[in-house]
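Here is my input, please return the structure:
(one chain, ligands or ions: 1)
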Amino acid sequence: MESIQVKAYAKINLGLNVLGRRQDGYHEVRMLMQTIRLFDKLTVKMTQTAGITLKSNLSYLPCDDNNLIYRAAALFFEETKQRCGIHVTLEKHIPVAAGLAGGSSDAAATLTALNELYHTGLSLEELKQLGIRLGADVPYCLMQGTALSEGIGERLTPLPAPPPAYCLVVKPPVSVSTRYVYEHLNLSDAPHPDIDALLSALNNKNLALIAANLGNTLESVTIPLHPEIAAIKAELLEAGALGALMSGSGPTVFGLFSDRPKAEHAFYRFKVGEFGKQTYLTNFWNK
Ligand code: ATP
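Modelled structure (predicted):
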């Protein structure tokens, strides 16, 4: 039986601006997305019996059609008319419900793996069109790297990679519902980061300017709910981060460092503290 192993990378938002709410309820966004070197591992194996089965190392994750891997596989088989018979083993490392697009990235990795395993030859564009039916971040997760994401996440423009940086990721032990955050967003009160300033800093490969322009409209909802997010940001800055921000709808916070000893020192400081269990020292990932 043929099988394939793929990595599903997490993302952070260097900038997340919500422009408005559309009539269909979706929000119009302008986001600067960046893949980081923190990933789940998926092993996708063809089976002789029909059906989709899934097993993961986290007992609380659903293994039925509530899991995005299952849904991605079902959509792939429906669209390509292939005989469905696979077993997926998920080794989950990306924190769940964290603002790091873990589920979307697993869905993207499943589509990529099945396209290869079944030799279906779908182009990246065709995969993205399937992906958007599973979630707004799935097309970006198929593409990976550095990108400007517009519309509801389906309009993607690849961007040059940022200059190298150490990225310290800290996930406090609370879960945040993306839906709740968008529903409670008051756009007139919320901060609106200058995405154009971020793009120009990126084009100039200026890490200090990127760090100075980090911003996320959704912090205005999530931080009042979970004030520890503001405390983590302050601690990252105190430890020498050039900038710190909540990713997505939270609650994960990241800090950017140019200096390795400072980043490592901050990592050990968080590792022995109350958020140590889900603290990661990583960096940007571009193909
Ligand atoms: P985003 O940044 O796109 O909002 P997130 O990182 O906040 O995503 P996920 O980790 O994708 O959130 O999980 C959100 C919910 O989706 C969880 O409550 C979880 O039960 C469900 N889910 C379904 N499939 C998966 C999967 N493969 N991995 C993680 N969560 C999944």
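
Next up, the contacts around the residue of the chain at minimum distance from the ligand.
The nearest approach of the chain to the ligand comes at residue 103, 2.6 Å away (CB to the nearest ligand atom). From N, CA and C alone the C-beta is placed, and that goes for glycine too. By CB atoms under 8 Å, 6 or more residues apart in numbering, residue 103 lies in contact with 67-68, 96, 135.

and what of residue 281?
Contacts of residue 281 (CB under 8 Å, 6+ apart): 166-169, 263-264, 267.

Which strands or helices does the helix or strand harbouring residue 16 pack on?
Using DSSP states H and E, residue 16 falls within strand 3-21. Here strand 3-21 touches strand 27-46, helix 102-117, helix 138-143, helix 195-203, strand 215-216, strand 243-246, going by 3 or more CB pairs under 8 Å, 6 or more residues apart in numbering; DSSP states H and E.

Residue 62 is nearest to which of these?
helix 102-117 (10.3 Å; CB to CB).

Now do the closest one and strand 27-46, the angle between them.
With axes from the mean of the first three to the mean of the last three CA atoms, to 10 degrees as the basis, helix 102-117 and strand 27-46 are set at 50 degrees to each other.

the helices in the stretch 51-200 of the chain, which residues?
Secondary structure of the stretch 51-200 of the chain (DSSP state H, counting those that start in this stretch): helices located at 68-80, 102-117, 124-131, 138-143, 178-183, 195-203.

Export those helices to JSON lines and append columns for distance to residue 212.
Below are the helices of the stretch 51-200 of the chain laid out as JSON lines (distance: least, CB to CB, whole Å):
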{"stretch": "helix 68-80", "distance to residue 212": "35"}
{"stretch": "helix 102-117", "distance to residue 212": "28"}
{"stretch": "helix 124-131", "distance to residue 212": "32"}
{"stretch": "helix 138-143", "distance to residue 212": "24"}
{"stretch": "helix 178-183", "distance to residue 212": "25"}
{"stretch": "helix 195-203", "distance to residue 212": "8"}
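
What I need now is those written out in CSV, including distance to residue 228 and mean pLDDT for each item.
Below are those laid out as CSV (distance: least, CB to CB, whole Å; pLDDT from 0 to 100):
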stretch, distance to residue 228, mean pLDDT
helix 68-80, 27, 97
helix 102-117, 20, 98
helix 124-131, 33, 97
helix 138-143, 27, 97
helix 178-183, 16, 94
helix 195-203, 26, 98
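
okay but residue 217 is in contact with residue 188, surely?
No - counting by CB atoms under 8 Å, residue 188 is not a contact partner of residue 217; they are 11.3 Å apart.

Compare neighbour counts for those two and give me the winner.
The residue with more neighbours, out of residue 217 and residue 188, is residue 217; 23 against 4, by other CB atoms under 10 Å.
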